[in-house]
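>>> Sequence first, then the predicted structure:
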Number of protein chains: 2
Amino acid sequence: MIEASGRKETIGSVSLGGLETTVGFLLRLAQVAVFKDLLAALKPFDLRVTDLSVLLVIEATPGLQQRAIGEVLRIQRPNLVTIIDQLEARGLVRRGPVQGDRRAYALSLTKEGEALLQEAKIAHAQHDRKVLDALGDVDKAQMLAALERIAAL
Amino acid sequence: MIEASGRKETIGSVSLGGLETTVGFLLRLAQVAVFKDLLAALKPFDLRVTDLSVLLVIEATPGLQQRAIGEVLRIQRPNLVTIIDQLEARGLVRRGPVQGDRRAYALSLTKEGEALLQEAKIAHAQHDRKVLDALGDVDKAQMLAALERIAAL
DNA sequence: TATTGTTATACTCTATAACTATA
DNA sequence: TATAGTTATAGAGTATAACAATA
């Protein structure tokens, strides 16, 4: 049932009990949709959303260590191991030596990693445009600022 | 490192590689934060976010069937079985008969379920206020509309 | 044949403890 | 002692296939 406002408040005759006018509920639906769309966009490159994020971070700061990636992307260190393992096995990422600390790895993109990332970034940009278009009259900077404040709850 | 704009673009010297100005990335951080905050608010009632959603939907449309809940909340039917099982075992929800269809259950809240939900709704309202405060200058209706368009990607 | 609820199962994501090798 | 990475494991949350009872 679509109302005059364009807001769908019921499905069939079943109400959402107020959830439909809640930021949290729609935030979840939006986030799931965005990740699903991006995952589909990255499918040709066999990359998950997290993989792209990791590649972007490494590209931006080559030589950084796994711990640093975990901090900025909020990925637990144990979980990051598998991710880097896979990217390394595919020849996209290199675990180089860190001079002065033999415990850590200096991460960098291989030539193949760079090449794949450039392609993936195009797909990501197309996806991002769809999201931005969906913002409509909401200013992007204001939206980012609001989301950031919510993220800091 | 906090910049003049107040936007944190780096952590230490590690850049996020453009992710920090992406709606999708901040959408994820915001959604995780909201769910974490709500989960904490519901802790005294031993309810998860999904449990509250289910109770709200049943309250809004008593007598509805499991299938209908799954549709509006986007929960797979098999997964809903366990959720209703637990709420029923706690005496919060009742699986009554549906006249004319012995396959289905008419779900409703018990007296205890009603009572617990009223308490939980107060906690939820307090949580929701925090989220709304974080919106700042962003209009709630505009935000909901934008999130809805993104959810429909 | 189709549908409601169910069972079993699997896959992804995320989280924690404990280990190793270094520092 | 503390830290980087690792291993093993466990817990959510989510997904699909197939079944029984009923429509």
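Here it is on my side, so go on.
>>> What residues does chain A have near DNA strand C?
A:R48, A:V49, A:T50, A:R74, A:I75, A:Q76, A:P78, A:N79, A:G100, A:D101, A:R102, A:R103 (C-beta under 7 Å from any atom of the strand). Where you see a C-beta, it was placed from the backbone N, CA and C, and this is true even at glycine.
>>> What mean pLDDT does the strand or helix carrying the last one get?
Secondary structure assigned from DSSP states H and E places A:R103 in strand A:101-109. The pLDDT scores in strand A:101-109 average 98.
>>> Just the buried residues out of the residues of chain A next to DNA strand C, in PyMOL syntax.
Provided next is the PyMOL selection string for whichever of the residues of chain A next to DNA strand C are buried by 16 or more other C-beta atoms under 10 Å in any protein chain shown:
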select buried, chain A and resi 48+49+75
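>>> Among the residues of chain A next to DNA strand C, which one lies nearest to DNA strand D?
Nearest to DNA strand D among the residues of chain A next to DNA strand C: A:P78, at 2.8 Å, using C-beta to the nearest atom of the strand.
>>> Could you look up the SS state of the closest one?
Secondary structure state of A:P78, per DSSP: H, G, I helix; E, B strand; the rest coil, is helix.
>>> coming back round to it: residues contacting the strand holding A:R103, please?
Contacting residues not belonging to strand A:101-109 are listed as A:55, A:58-59, A:62-67, A:69, A:84, A:92-98, A:117 [C-beta atoms under 8 Å, 6 or more residues apart in numbering or on different chains].
>>> so where is chain A shaky, pLDDT-wise?
Scanning chain A for pLDDT under 70 picks out A:1-12.
>>> Which stretches in it count as helices?
With helices called from DSSP state H, chain A shows them at A:23-42, A:49-60, A:66-73, A:77-89, A:111-135, A:140-151.
>>> What are the buried residues along the last one?
Under the neighbour-count criterion of 16+ other C-beta under 10 Å, helix A:140-151 has A:Q142, A:M143, A:L144, A:A145, A:A146, A:L147, A:E148, A:R149, A:I150, A:A151 buried.
>>> same deal with the first one?
Neighbour-count burial for helix A:23-42, counted by 16+ other C-beta under 10 Å, picks out A:23-35, A:37-38, A:41-42.
>>> Could you report the distance from A:M143 to B:D133?
Distance, A:M143 to B:D133, using C-beta to C-beta, to the nearest Å: 16 Å.
>>> typed the wrong thing, it's A:S108
When A:S108 is compared with B:D133 (using C-beta to C-beta), they lie 43 Å apart.
>>> ditto for A:T21
16 Å.
>>> which of these two has more neighbours?
Using other C-beta atoms under 10 Å in any protein chain shown, the more surrounded residue of A:T21 and B:D133 is A:T21, with 14 against 11.
>>> you'd agree that one is up against B:L144?
Yes: if you go by C-beta atoms under 8 Å, A:T21 and B:L144 touch, sitting 6.5 Å apart.
>>> Might you report the residue contacts of the residue nearest to A:K121 when sequence neighbours are not counted?
Leaving out its chain neighbours, the residue that sits closest to A:K121 by C-beta to C-beta, 6 or more residues apart in numbering or on different chains is A:L56, at 7.9 Å. By C-beta under 8 Å, 6+ apart, the residues touching A:L56 are A:L117, A:K121, B:L16, B:G17, B:G18, B:L19.
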